[in-house]
Each structure stands twice: as structure tokens, then as C-alpha cells.
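*Asks:* Sequence and computational prediction follow.
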Amino acid sequence: MLICLCKGIRESEFSALASRHGTCPEAMKRAMGLDDSCCGRCEADLETMIQHVAEGHVRPSVETRVH
């Protein structure tokens, strides 16, 4: 499932980013590359999505492409 339509970030990629950047929404925004060109839908739910990762509801897949 896509988490960010503007940047094409999938759940597994988001989880991998959260694992590396922690639970800070600002750090996640930078890691995801969110900027003024984005629609803001994922940003509105960022804290909830980070919490889901922290609780183990979303896990990174082996094939994540996040650098």
C-alpha cells in the first residue's frame, strides 16, 4: 500500500525510514523528501503512522528501496 502518493513511498519503505529516523515527525518529513510540492495527505497522518510502526503494525520488507 502506498503511504505517500506524491513521493511513491510504500508502507515497507516508510517502516524502514522510521526504523532509521525514529519517531520524530520532522526527521521523517526530511527522510521522505516531503516539500511544498506534496499534497500533505500523508503528512497529516504522520504521527499516527509512526506510532503504528513503533507498535509493530507495519514492518519493512526485504525489498525496500529507501536509501
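*Replies:* All right, it came through fine. Numbers count the residues shown, from 1 in each chain.
*Asks:* which one is the residue nearest to the spatial centre of the chain nearest to, not counting chain neighbours?
*Replies:* In the chain, the centroid-proximal residue (C-alpha atoms, centre = their mean) is Phe14; its distance is 3.2 Å. Distance criterion C-beta to C-beta, 6 or more residues apart in numbering; nearest residue to Phe14, sequence neighbours excluded, is Ile3 at 4.5 Å. For glycine as for every other residue, the C-beta is placed from the backbone atoms N, C-alpha and C.
*Asks:* before we move on, back to that, can you give me the pLDDT of the residue nearest to the centre of the chain?
*Replies:* On the pLDDT scale, Phe14 is placed at 91.
*Asks:* helix/strand/coil for it?
*Replies:* Phe14 falls in the helix class when you classify it by DSSP: H, G, I helix; E, B strand; the rest coil.
*Asks:* That one contacts Thr48, doesn't it?
*Replies:* No: using C-beta atoms under 8 Å as the test, Phe14 is too far from Thr48 to be in contact (11.8 Å).
*Asks:* Count the neighbours of Ser12 for me.
*Replies:* Each residue near Ser12 was counted by other C-beta atoms under 10 Å, and the total is 19.
*Asks:* Next: Asp36.
*Replies:* 5.
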